[in-house]
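Trainee: Here is my input; please provide its structure:
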Amino acid sequence: MLRQAKYLLLLVLAFPLANLAPSHGRQKIAPIQPPIVPGSNIPGKATLVSPSGTIATNTPTYTWNAVPLATWYYLWVNDSANASGKITQWYTATQAGCAAGTGTCSVTSTTTLANGAAQWWIQTWNDSGYGPWSDGMPFIVTSGGPPGKATLLSPSGSITTDTPSYIWNAVAGATWYYLWVNDGGSASNSANGRAKKSAVILEWYTASQTGCPNGTGTCSVTPSIALSQGAGQWWVQTWNPNGYGPWSDGMPFTVTLCGPPGKATTVSPSGNVYTNTPTYAWNAAASATYYQLWVNDSTTSAGKIKQWYTATQAGCPTGTGTCSVTPSTILAPGNGRLWVQTWNNCGFGPWSDGMEFAVTQWAMFGHDPSHTRRSPYKGPSSPVKRWEFETQGSVSSSPAVAPDGTIYVGSSDGNVYALDPETGMLIWKYNTGSYVTSSPAIGPDGKVYVGSSNAKLYAFNGATGVKVWEYQTGNGVYSSPAIGTDGTVYVGSSDGNVYALDPETGLLIWKYNTGSKVNSSPAIGPDGKTYVGSSNGKLHAFNGATGVKVWEYQTGGPVESSPAIGSGGTVYVGSDDGKLYALNGATGAKQWEYQAGSYVTSSPAMTSDNAICFGSHDGKVRALNGTTGSKVWEYQTGFPVTSSPTIGSDGTVYVGSHNGKLYAINGTNGVKRWEYQTGGGSPASYIHSSPAIAANGTLYFGASDRKIYALLYVD
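Mentor: Numbers count the residues shown, from 1 in each chain. From the prediction side, this is the model:
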């Protein structure tokens, strides 16, 4: 009988995996079993000791408490790669080291377990039959290094709760997970979006706390911390005793609680606007999915622009940062105002506060603070005189055109004139007592600023000509004022200083002494940096807010030319050494130089295709490639060109010469389109004044024959 039992037992050991059926997380063996001898005592249930928790080996030792009367023990182990029994092995009590049925039993299988969640069981046996299975003991294998990268599942996209559950796929071998969450109220200052000072949730969780202790399935937690509305992002990092695993990829989401969005804050345009199709910008409102832009111009209060934009179209889909749109609708010159309203699926948000601005025609010398000298309007295609106005002295000052069309210009007779754009009739004049070659600048509130050789800068009421204030410098003011985005007035003086003045009071904000007279007119970059030349041959760059010098560049002769700033920040300026320079606006480093035939006192202008146009005393008007400095074309007038070119919206270049002629030149190829001869006399008339283009296409300029001319737009 005993021999038969041993034979049957050998059959059991030889076929341990036959006919598997699931039971309690393992796959039990059936129907082949060790023989049962009636009347014997069946052994009891084993109590497992180890492994449990997290282990750092793939071939652990399995230990359990010995069971009296048990002569055999059946070890069953599942791992993350095999839930049907990675190890299914019978061991005698002697093999397990517990033949006496006391103490602990242990075996070390050579079978290598996969990293991740695992579980094991023991069943007892003796000649009387099977004892019960032990309770299962889970453990996690982390041998070979830290855990892998978690894959996030949710939240993502738009969510309607501020306390979401964070769900990700479990990672084999991970025993801890670190949750990092940024919300719409937190900022980021790092490349990967994570920055400790900006996180709203920073929390470690055990794998058990997240519901994935076995390293399989999904993990989830629901912190009680409420998130702010708007864009958020979250990450998870894994960990086990072997070290930190990698961060997951970030998963963005947007919290949109059921309520209308808040109020948008408008950013721009404000003050003077130098284009008739401006870009409108505002700060994004958290949870807003649509924005309505409403714009009035000088022709209507019923909405010149009334347009809805999605947050995506406005470039702010996450509800953070700045939104902006550039409609093609052309605004009329004059005062305008804009508002923005928010909306989402929960309703309309409030309207923003209104933001006022003024669409200019030709607001200052150089057209705009950067002195591009490029107008959004097309000038006359043929030289038809509309009117002329005679002063009592030569007119070297360049006209400015107000939003309502009023023309402001100075004369060497000492007067500043305001003229009607339709008739050329005098509206008002103001006598400074000394000649005025400085060109007027017009502020967004309509004030007119201009210098005089009596060493003063004046501010006038543009409508009445009443003096608002005056500022006394130390010598003649031949420089033309420029107006910054905040209204600050910048001007140079022959006393060697550059001045920054308060537009309302005329009080000094700062001044900087260049060491030599400043006839050049300041140019202002988008970043507020201010550039100006001086007669000691230097181009200076200042911080526009503080007057602190940023850099200076030494040329070979006086710099009477006024700088112009390109869209990429390059600064272009001429010098009496006969060269035009292109300098890096940030550093002052020279990018290139071009040698003309004589002095370059003319100020450069920039075409829309990045050509730089300027005149020189050798009689030529040239166009250079703005990037390389190579010549595109040149046109010979035969007399010195000190007038600064003006560019129409069609690319036509308008410029005067000392032969008394105003030229219209094709900006692409340098071919003359037409010329206009101003009055003669002895000596012959010359043109130093630079043209200005009005919204209706009329071209205004002055000449040494004491006249101001208006050439009619004819298409």
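
Trainee: wait, what's in contact with the residue nearest to Leu712 when sequence neighbours are not counted?
Mentor: Taking Cβ to Cβ, 6 or more residues apart in numbering, and ignoring the residues beside it in sequence, Leu712 has Arg386 as its nearest neighbour in space, at 4.0 Å. From N, CA and C alone the C-beta is placed, and that goes for glycine too. Residues near Arg386 by Cβ atoms under 8 Å, 6 or more residues apart in numbering: 424, 698, 710-712.

Trainee: Is Arg386 part of a helix or strand, or is it coil?
Mentor: strand (DSSP: H, G, I helix; E, B strand; the rest coil).

Trainee: Closest one of the contacts of Arg386 to Thr289?
Mentor: Nearest to Thr289 among the contacts of Arg386, counting by Cβ to Cβ, is Thr698 at 45.6 Å.

Trainee: pretty sure the closest one is touching Ile708, no?
Mentor: No - judged on Cβ atoms under 8 Å, Thr698 makes no contact with Ile708 at a distance of 11.9 Å.

Trainee: Select the helix or strand of the protein having the lowest average pLDDT value.
Mentor: Every helix and strand of the chain was ranked by mean pLDDT, DSSP states H and E. The lowest is strand 20-23, at a mean of 34.

Trainee: Would you state the strands of the stretch 301-450 of the chain in chain order?
Mentor: In the stretch 301-450 of the chain, the strands defined using DSSP state E, counting those that start in this stretch lie at 322-325, 334-344, 347-351, 355-359, 384-390, 400-401, 407-410, 415-419, 426-431, 441-442, 448-451.

Trainee: Include distance to Ile665 and mean pLDDT when you put these into TSV, please.
Mentor: Shown next, in TSV, are those (distance: least, Cβ to Cβ, whole Å; pLDDT from 0 to 100):
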stretch	distance to Ile665	mean pLDDT
strand 322-325	35	97
strand 334-344	31	96
strand 347-351	48	94
strand 355-359	28	94
strand 384-390	18	95
strand 400-401	22	98
strand 407-410	23	98
strand 415-419	27	98
strand 426-431	32	98
strand 441-442	27	98
strand 448-451	29	98
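
Trainee: For the ones you listed, give me TSV that also has distance to Val571.
Mentor: Putting the strands of the stretch 301-450 of the chain into TSV (distance: least, Cβ to Cβ, whole Å) gives the following:
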stretch	distance to Val571
strand 322-325	26
strand 334-344	30
strand 347-351	41
strand 355-359	26
strand 384-390	35
strand 400-401	23
strand 407-410	26
strand 415-419	30
strand 426-431	34
strand 441-442	20
strand 448-451	23
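
Trainee: pLDDT score for the closest residue to Ala114 other than its chain neighbours?
Mentor: Computed as Cβ to Cβ, 6+ apart, the closest residue to Ala114 that is not its neighbour in sequence is Ala81, at 3.9 Å. Looking at Ala81, its pLDDT is 84.

Trainee: And the one 3 residues further on, by the same measure?
Mentor: As summarised for this prediction, Ser84 has a pLDDT of 90.

Trainee: Ramachandran angles for it?
Mentor: Per-residue torsions, Ser84: phi -110, psi 20 (degrees, to the nearest 10).

Trainee: Number of residues surrounding it?
Mentor: Other residues lying near Ser84 total 11 when counted by other Cβ atoms under 10 Å.

Trainee: swap in Thr108?
Mentor: Neighbours of Thr108 (other Cβ under 10 Å): 11.

Trainee: residues touching it, list them.
Mentor: 59-62.

Trainee: Top of these by number of neighbours, please.
Mentor: Ranked by neighbour count (other Cβ under 10 Å), the contacts of Thr108 have Tyr62 at the top, with 23 neighbours.

Trainee: Model confidence score at it, please.
Mentor: 96.

Trainee: Can you pull out the residues in contact with the strand or helix carrying it?
Mentor: Using DSSP states H and E, Tyr62 sits within strand 61-65. Strand 61-65 is contacted from outside by 46-51, 73, 75, 77, 103-109, 120, 122, 134, using Cβ under 8 Å, 6+ apart.

Trainee: and after that strand, which helix or strand comes next?
Mentor: Per DSSP H and E, the helix or strand that comes after strand 61-65 is strand 72-79.

Trainee: partners of that following strand, with directions?
Mentor: Sheet pairing of strand 72-79 (DSSP bridges) gives strand 82-92 (antiparallel), strand 116-126 (antiparallel).

Trainee: so it versus strand 61-65, what angle?
Mentor: In terms of direction (axes from the mean of the first three to the mean of the last three Cα atoms, to 10 degrees), strand 72-79 departs from strand 61-65 by 130 degrees.

Trainee: hmm, who's touching strand 72-79?
Mentor: With Cβ under 8 Å, 6+ apart, strand 72-79 has contacts from 25-26, 34, 46, 62, 64, 84-93, 96, 105, 107, 109, 111, 113-114, 116-126, 141.

Trainee: Could you rerun that using 6 Å?
Mentor: 26, 62, 85-92, 96, 113-114, 118-123, 125 (Cβ atoms under 6 Å, 6 or more residues apart in numbering).

Trainee: What's the ChimeraX line that selects buried ones from the residues you listed?
Mentor: Provided next is the ChimeraX selection string for whichever of the contacts of strand 72-79 are buried by 16 or more other Cβ atoms under 10 Å:
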select :26,62,85,86,87,88,89,90,91,96,113,114,118,119,120,121,122,123,125
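
Trainee: okay, how far is it across stretch 107-124, tip to tip?
Mentor: The first and final residues of stretch 107-124 sit 14 Å from each other (Cα to Cα, to the nearest Å).

Trainee: Could you check how far that stretch is from the centre of its chain?
Mentor: Chain-centre distance of stretch 107-124: 56 Å, with Cα atoms, centre = their mean, to the nearest Å.

Trainee: Give me the mean pLDDT for that stretch.
Mentor: 91.

Trainee: Can you list the neighbours in contact with stretch 208-219?
Mentor: 116-117, 140, 167-170, 172-173, 177, 207, 220-221.

Trainee: Identify all contacting residues around stretch 351-368.
Mentor: Here stretch 351-368 has contacts from 263-264, 266, 269-270, 272-274, 276, 331, 333, 335-341, 373, 398, 400-401, 403, 439, 441-442, 444, 480, 482, 521, 692, 694-695, using Cβ under 6 Å, 6+ apart.

Trainee: List only buried entries from the residues you listed.
Mentor: 263-264, 266, 269-270, 272-274, 276, 331, 333, 335-336, 338-341, 373, 398, 400-401, 403, 439, 441-442, 444, 480, 482, 521, 692, 694-695.

Trainee: how about the closest residue to Ala100 other than its chain neighbours, what does it touch?
Mentor: Spatial nearest neighbour of Ala100, excluding adjacent residues (Cβ to Cβ, 6+ apart): Ala66 at 7.4 Å. Neighbouring residues of Ala66 by Cβ under 6 Å, 6+ apart: 98, 101-103, 105.

Trainee: measure Ala66 to Tyr686 for me?
Mentor: 118 Å (Cβ to Cβ, to the nearest Å).

Trainee: show me where the stretch 151-300 of the chain has strands.
Mentor: Using DSSP E, counting those that start in this stretch, the strands assigned to the stretch 151-300 of the chain run over residues 151-154, 157-159, 166-169, 176-182, 201-206, 218-221, 230-240, 243-247, 251-255, 265-268, 271-273, 280-283, 290-297, 300-310.
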